[in-house]
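Chemist: dropping a prediction and its sequence here:
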Amino acid sequence: QVQLVESGGGLVQAGGSLRLSCAASGRTFSSYTMGWFRQAPGKEREFVARINQNGGTTYYADSVKGRFTISRDNAKNMVYLQMDSLKPDDTAVYYCATGAYAYWSERDYDYWGQGTQVTVSS
């Protein structure tokens, strides 16, 4: 049974930073791509960032490029999302997800966490 558990969300002022974590279990973590998505109130879930199996390749949505950094620690089965220069528009529930050869489409990912709320106040 694959499990993904996010943590690190919270309330932060605009311009601040948060670091999200996602703990994975249930299959060989290092064999799978990891991604972060988010869903704001009244909007569809959208891609944020993804990292390949060994951490050597990352990809970001234009809206977060230069502000967010995705990383992973395969020894700890963890993936992280460092979020800097946060804006009110970044307010959303953030989800981590895993897939075999996943890119930016939700359909590429076969397991999802429950999400963690990030709220950025102006």
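Modeler: The structure has been received and is ready for your questions.
Chemist: quick check: bridge partners of the spatially most central residue of the chain?
Modeler: A centroid search over the chain (Cα atoms, centre = their mean) returns Trp36, at 2.4 Å, as the residue closest to the centre. Trp36 has the following beta-bridge partners by DSSP bridges: Ala49, Cys96.
Chemist: likewise for Tyr60?
Modeler: Note on Tyr60: beta-bridge partners by DSSP bridges are Ala49.
Chemist: just Ser121 next, same as before
Modeler: Counting by DSSP bridges, the residues bridging with Ser121 are Gln13.
Chemist: now do the contacts for it.
Modeler: 11-14, 88 (Cβ atoms under 8 Å, 6 or more residues apart in numbering). C-beta here means a position set from N, CA and C on the backbone, and glycine is covered the same way.
Chemist: can we see that at 10 Å?
Modeler: 11-14, 16, 86, 88, 91 (Cβ atoms under 10 Å, 6 or more residues apart in numbering).
Chemist: check it and give its pLDDT.
Modeler: Predicted confidence (pLDDT) for Ser121: 97.
Chemist: distance of it from Ser21?
Modeler: Counting by Cβ to Cβ, to the nearest Å, the gap from Ser121 to Ser21 is 22 Å.
Chemist: hmm, Trp112 is touching Thr98, no?
Modeler: Yes. With contact defined as Cβ atoms under 10 Å, Trp112 counts as touching Thr98 (8.2 Å).
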